[in-house]
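In: Test case, fold it:
(chains A and B)
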Amino acid sequence: MFLYSLKRLLQGIVTVWFIATATFFAMHNVPGDPLLNDRAVSEAIRANLESKYGLDQPLGTQYVIYLRNLVRGDFGISFTQENREVNDIIREHFPVSAILGILAVVFAATGGILLGALTAIYRNRLPDFIIMLLVILGISVPSFVIAAMSQLALVSLNDMIGATILPVAGWGTVLHMLVPALVLGLGTMAYLTRLMRSSMLEVVGSDYIRTAKSKGVPPPRIFTKHQVRNAILPVVTVLGPSIASITTGGFVVELVFAIPGLGRYFVQAVQQLDYTVIMGTTVFYGAFLVFMVILVDVLYGLIDPRVRVEQ
Amino acid sequence: MKSLTSSDFEIISRHQETQSIYRPSLSYWSDAWIRLRANKRAFFSLYLIIGLLVFTILGPVLWSVDPSLQDLDQVSQPPGTSRLATIVNEYEPWSGESDVPGNTLRLAESATTMSVRLKWNALPNAFGYRVYRNIFPIGSELAYGIPLAEFFDNAVLFFEDRLDLKPRRYYYSVVPMDENGSLIGGYQSLAVDPIRVTTLDEAASKGLLASRSDLQIGDSINLSLHPLGTDYLGRDMLARLMEGARVSLFIGIGAPIFFILFGIFYGSVAGFLGGRVDQILMRIADFVVALPFLLFMILFKIAFGIGPGESGIFPMLVALVVLMWPSTARLVRGQILQIREQGYIGASQLLGAKTNYLIFRHMLPNTLGVVLVTITFAIPSAIFIEAFLSFIGMGVAPPTPSWGSMSNEGIKNMLTSPHELILPAILISITVLAFNLLGDGMRDALDARLRNQE
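Out: Modelled structure (predicted):
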């Protein structure tokens, strides 16, 4: 188990190194000039600026400097926002995204597991049909549409009641978080519901459930101890990739709901070609996603003894 | 005892018919087809997809409106609005002299989309006035809307609005100000419904008239037809949706075909050769899988850059292919590894089949079912990715429409003209839904192992 974790960790570090390298060379390939936007840069000022940012060095040297800074955790200074380090931007805005993301994962996981279990138990009856219809909608409607529609719905809801019950946009209180987190988790919830349903259907028809029933175990206990407990395993495996999709989905939700998270800053930086912020946030996000997947995989090994033995 | 000879026996009848169990032989594909036909949802979505393809391919032939043509008389028109316009004289400047008697805020002339002329009476305690316009009622929170003008003179009691008028209801308010320019109470408000007007010259220049002599001032004519309304720049929604369908479906169907072809090649090489080559190839695939997908899509798009006049479709296609092939490669490799051990491959080899024959005759056809299922599921995800990237402004560059970029533009005017968001969103949803349902049906029909799983 320890060896396995170590191996995965090494793989993760190599992946992050590749992400950093790819980001560096991709950004170098961008047409345009980071200093072009500055007003009337004279040759002397330009040379000064270039040497300050190391842009007069050969590409290889720049790459080495970049990697060295990266290892020290220094992502550089923003090109468009005055006096702001990329580190500050990440430190300030990532917690917002993280809270939103954690809430969304919680929504998605609890909702997906519960709904999926329900559909399997009420198979081919009304609750099954209703939930599966919602699931199909959740899978087919893009997140930005759901975000926009729920915002419209909030506007009319507040309008109808005549007071702001749930704020339409912004950040700050728990009330601000509820709807965006729900919207963000919806796609994943739909996916998890489908997965939970199929794995639950397998469990429901298995022998040990029949045994438990014939022994007279009360149905609620069968449901929690035998059915959900066993059906949950495949759902846990996809939680890692789900975190990735929730993180990137956060870009859109943060944009639509005007939430000051890192995703919105990333999209803004991409649109404004803020080189250092793009590089910094890409590497940061990349490392975050890679290690989250590894973490989930390792945790999965702890939950499911079969996986541990195989490795 | 009499011994029996052959003559003692008599043939009653020759009954050679043995009981035969017979049914027409059913190939894998005809079996799959029967299963697919029985699946109503999948078949319905197949019709939907055919309909979408017709909409995409034949649509622009039948509805040949230029998707980038701007109709500035009809901006942000929801579908089904009247397109009548009254013909009026050319615009003449107004100095506020004409008047209708009254003591509240009132119209000096009937309101048109060319101009709205307001008059009001002086208030004794006012030092000036500020004129506002809103598209919503002012309400108790005194939301006046956008300020249009400010007069620091209690004698100027008229205002003419010519700012981007549309045939819809506006709420004008005139708010008195004190000597410091702050608002004081006693505002007057007026709801105005401008009628759409056009002049003869304008109508003629747009080719709406057969001849000028037919029509006189005061007649009404039909402006050009937009069945699904127009967007915020006055472009025809139907034409743009069709053009956008071409872009979205081209990326959505093109990218999966390319990366799946590559994946088949890669996976079959790895699976067939096996050993060290297989290990190296699969390590590379694992590596690409581990990359955060959307981040790299965005990075790709930045690195490629979109020059002026380029649509950005090609870079998106390349990025999708480069990042999405490993799942197919893994799948095909797994299949090939499984098939390689089957008895019929050994038999074929014993009969002297060459490697090429084995691959093309036995291995690839047997992976085809799984691959088809992958394609149907890859299409909706590619459409989603295109929409997502275009939505955050990293996809197809304007003015090229795609459903994602149209939604992106539509979301900005969501409150005032929701159809600009809803129409492309519905099309994305229907397409993704149809391909997902078809994929479910195909999986049930083609992949025996996954049958009956949801």
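In: By mean pLDDT, which helix or strand of chain A comes out lowest?
Out: helix A:305-310 (a mean of 58; mean pLDDT, DSSP states H and E).
In: do the strand or helix carrying B:T328 and chain A meet at all?
Out: Following DSSP states H and E, one finds B:T328 within helix B:313-340. No - using Cβ under 8 Å from any Cβ of the partner chain, helix B:313-340 never reaches chain A; the gap is at least 10.8 Å. The C-beta positions use only the backbone N, C-alpha and C, and glycine is treated the same way.
In: Quick check: next helix or strand after that helix?
Out: helix B:343-350.
In: low pLDDT regions in the chain?
Out: Just going to use chain A. Applying pLDDT under 70 to chain A flags the ranges A:31-41, A:53, A:79-82, A:304-311.
In: That was the other one, I meant chain B.
Out: B:1, B:15-19, B:98-99, B:206-215, B:218, B:305-310, B:447-454.
In: ok, now which ones touch A:V203?
Out: A:A120, A:I209, A:H226, A:Q227, A:N230, A:A231 (Cβ atoms under 8 Å, 6 or more residues apart in numbering or on different chains).
In: Including secondary structure, neighbour count and distance to chain B, could these go into JSON lines?
Out: Output for the contacts of A:V203, formatted as JSON lines (DSSP: H, G, I helix; E, B strand; the rest coil; neighbours: other Cβ atoms under 10 Å in any protein chain shown; distance: Cβ to the nearest Cβ, whole Å):
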{"residue": "A:A120", "secondary structure": "helix", "neighbour count": "24", "distance to chain B": "9"}
{"residue": "A:I209", "secondary structure": "helix", "neighbour count": "17", "distance to chain B": "18"}
{"residue": "A:H226", "secondary structure": "helix", "neighbour count": "19", "distance to chain B": "20"}
{"residue": "A:Q227", "secondary structure": "helix", "neighbour count": "23", "distance to chain B": "16"}
{"residue": "A:N230", "secondary structure": "helix", "neighbour count": "16", "distance to chain B": "16"}
{"residue": "A:A231", "secondary structure": "helix", "neighbour count": "23", "distance to chain B": "13"}
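In: Tell me how many other residues surround the closest residue to chain A within the stretch 51-200 of chain B.
Out: Residue nearest to chain A within the stretch 51-200 of chain B: B:S140 (9.6 Å; Cβ to the nearest Cβ). As a burial measure, B:S140 scores 7 neighbours (other Cβ atoms under 10 Å in any protein chain shown).
In: dump the residue contacts of the spatially most central residue of chain A.
Out: In chain A, the residue lying closest to the centroid (Cα atoms, centre = their mean) is A:T247, at 1.8 Å. Taking Cβ under 8 Å, 6+ apart, we find A:T247 in contact with A:S97, A:G101, A:G263, A:Y285, A:F288, A:L289.
In: so where does the nearest residue to the second one once chain neighbours are set aside fall, helix or strand?
Out: Think A:G101. Among residues not flanking A:G101 along the chain, A:I246 sits closest, at 5.4 Å (Cβ to Cβ, 6 or more residues apart in numbering or on different chains). Counting by DSSP H and E, the element that carries A:I246 is helix A:239-256.
In: can you check A:A212 too?
Out: Short version, using DSSP H and E: A:A212 is in helix A:207-214.
In: Only C-alpha atoms, please: export that helix in CSV.
Out: Extracted in CSV, the C-alpha atoms of helix A:207-214 (Å, rounded to 0.1, in the frame of the first residue of the first chain):
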residue,chain,number,x,y,z
ASP,A,207,-27.8,-13.7,-2.9
TYR,A,208,-26.7,-12.1,0.3
ILE,A,209,-29.5,-9.7,0.2
ARG,A,210,-32.0,-12.6,-0.1
THR,A,211,-30.2,-14.2,2.8
ALA,A,212,-30.5,-11.1,4.9
LYS,A,213,-34.2,-10.8,4.0
SER,A,214,-34.9,-14.4,4.9
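In: On the C-terminal side of that helix, identify the next helix or strand.
Out: helix A:219-221.
In: That following helix: how far from the chain's middle?
Out: 34 Å (Cα atoms, centre = their mean, to the nearest Å).
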